[in-house]
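*Asks:* A predicted structure for the sequence below; I have some questions about it.
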Amino acid sequence: MPDIKFDFNNMLASNIGRQHGITEIELKQFSKTALKAHKHLRSVLSNPTSRLRLNLEWAMLPYQEESEIKKIQDLGDEIAFNYDNVLSLGIGGSYLGLKAAQEALKPPYYNEFATLRSKRAKIYFEGNNLDPTPLNVLLENLDSKKTFVVVISKSGETTETKAVFEVVAQWLKDNVGSTYGRQIVAITDPASGSLRQRVHEEQKKDPLSFRALPLMHGVGGRFSELNMGLLHLAIMGIDCKDVLVGAAAMADRCSSANFLKNPAYLYAALQFLAYKKKNKRIAVFMPFTESLKSTADWYCQLLAESTGKKFTRKVKVLNDGSEAWSLDGARACGVGRTPVPARGTTDLHSIQQNNVEGENDKTVTMIRVESFKNDVKVPTPDGILSGKYFGQLLALAQEATEWALVLNNRPNCTIAMSEVSPATWGGLLFFFELATAFEGELLNINAFDQPGVESYKNYMYYKLRKPGLSKAIAQEIQKHPLKKDKKYIL
């Protein structure tokens, strides 16, 4: 099994001093807090009712039925070999997770060169923004009869994805005709929501239209790559089982109650201690490979939506032993580290200046890849670069980044991957998902909801006069209108 290692030397006081680093005494003193968090998290994870109610079912995704995975794999092959293009519509995890997978597990310029795709369809992403320009470009240049559409939305009501899907569906209908729905797969709630309702309506007219896959109950969008992202993996020709095996191996490795032996727990604990004890409020995430650039974006969404919370949680144990959580409106906390995506070596010529000499209010997490499948050698006959492989230079740049940060007492850590493969990438995703869940426990917040995201949606729904919007939401918007004084606009 390909390997993932967590090097946390540079988070410790022994390397960067007591003012900015964590001491061994602080780690030892933290053991009771970590054990308490572990016991509660495992209690919730071991209760199926709690998992579903609280959106922790993502922890079960590495163990899906092989027969169901095969169906998805077969559907992916069918789509990939019968169409020239796939248009994937989704936002948040339904976009970032897929884009991260494509960049990590397929070569750069995947769409540009047929040899890289092995005769499979090109894949384009839309529905993640309301800017009309990219959508217009695609619809004006793609052949509708050779384009398949995958729309991903739990409710079917997310504004960006819904608006784009309505346009794309009409584009298909206008150009393909009444059978246009046979070129659509909807990944949505298995029972409810407007998109599921449309699936039912379209299939009554044509059973081959609007095929559907379920977004599993109890799996939130940012934790759902190993659910809704499987069809995308299959379309690319990735064996989904390899990704799930890597995730399952990481889940097993991170099952220890001893946080010093559990890499996901330890990562979360060190970041938590740096945040609370050393005032490190910013989390810079810097992979040293282009293939993980979008994985950095995915992690930033995961951390921001999960831990950026206004209120602590109330935990209630019900009669059946399951738990229900609610926001404690009397206990505002306003917590959460601010994530910043970066990449080496590109951002060593930009954000790294601030990392090294700016305010010492951040931690830097680097990802180092030990082996590249297609490395390149510098052919220069002489000079310091002569005969060096790019992989060697990249590793040296990462080491030099560590040195510069440590020299200036800046906390940082490194996750070293033996290679970027389906198994290691699946393991990496599960590592960060579990670490984020554990950080939520340490913060005593609900890491699996996103009430702050709903606020902008509610404002848009109010302005669009969406039916069924609650009176409380409408009254809040009316009570707090935006104020625009012309003298403050130049």
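*Replies:* Thanks, I have the structure now. Numbers count the residues shown, from 1 in each chain.

*Asks:* for this protein, what spans make up the strands?
*Replies:* 4-7, 85-89, 122-126, 147-152, 184-188, 211-214, 282-287, 309-317, 323-335, 338-341, 362-369, 412-417 (DSSP state E).

*Asks:* how distant is stretch 144-152 from the center of its chain?
*Replies:* 23 Å (CA atoms, centre = their mean, to the nearest Å).

*Asks:* Can you mark which positions in it are buried?
*Replies:* Under the neighbour-count criterion of 16 or more other CB atoms under 10 Å, stretch 144-152 has 144, 147-152 buried. Heads up, the C-betas are built off the backbone N, CA and C, glycines and all.

*Asks:* Check the residues you listed and tell me the two furthest apart.
*Replies:* 144 and 152 (20.1 Å; CB to CB).

*Asks:* Would you map out the domains in the protein?
*Replies:* Domains of the chain are assigned by automatic domain parsing as 4-46+242-443, 58-238, 451-488.

*Asks:* Closest to residue 259 out of the buried residues of stretch 144-152?
*Replies:* For these, the nearest to residue 259 is residue 152 (34.8 Å; CB to CB).

*Asks:* Could you list which residues are in contact with the closest one?
*Replies:* 88-90, 94, 161, 186-188, 215, 228 (CB atoms under 8 Å, 6 or more residues apart in numbering).

*Asks:* measure it to residue 185 for me?
*Replies:* 9 Å (CB to CB, to the nearest Å).

*Asks:* can you check residue 411 too?
*Replies:* 45 Å.

*Asks:* Look at these two and report which has more neighbours.
*Replies:* Using other CB atoms under 10 Å as the criterion, residue 411 and residue 185 rank with residue 411 on top: 28 against 24.

*Asks:* Around residue 421, count how many other residues there are.
*Replies:* Neighbours of residue 421 (other CB under 10 Å): 20.

*Asks:* That one and residue 472, how far apart?
*Replies:* From residue 421 to residue 472 the distance is 49 Å (CB to CB).

*Asks:* what's the answer for residue 440, then?
*Replies:* 27 Å.

*Asks:* What of residue 19?
*Replies:* From residue 19 to residue 472 the distance is 47 Å (CB to CB).

*Asks:* before we move on, what about residue 101?
*Replies:* 39 Å.

*Asks:* So these two - more neighbours on which side?
*Replies:* residue 101 (26 against 9).

*Asks:* Confirm for me that that one is in contact with residue 229.
*Replies:* Yes. Taking CB atoms under 8 Å as the definition, residue 101 is a contact partner of residue 229 at 5.8 Å.

*Asks:* Dump the buried residues of stretch 144-152 to JSON lines, plus distance to residue 292 and pLDDT.
*Replies:* Formatted as JSON lines, the buried residues of stretch 144-152 follow (distance: CB to CB, whole Å; pLDDT from 0 to 100):
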{"residue": "144", "distance to residue 292": "34", "pLDDT": "98"}
{"residue": "147", "distance to residue 292": "29", "pLDDT": "98"}
{"residue": "148", "distance to residue 292": "27", "pLDDT": "98"}
{"residue": "149", "distance to residue 292": "28", "pLDDT": "98"}
{"residue": "150", "distance to residue 292": "23", "pLDDT": "98"}
{"residue": "151", "distance to residue 292": "27", "pLDDT": "98"}
{"residue": "152", "distance to residue 292": "22", "pLDDT": "97"}
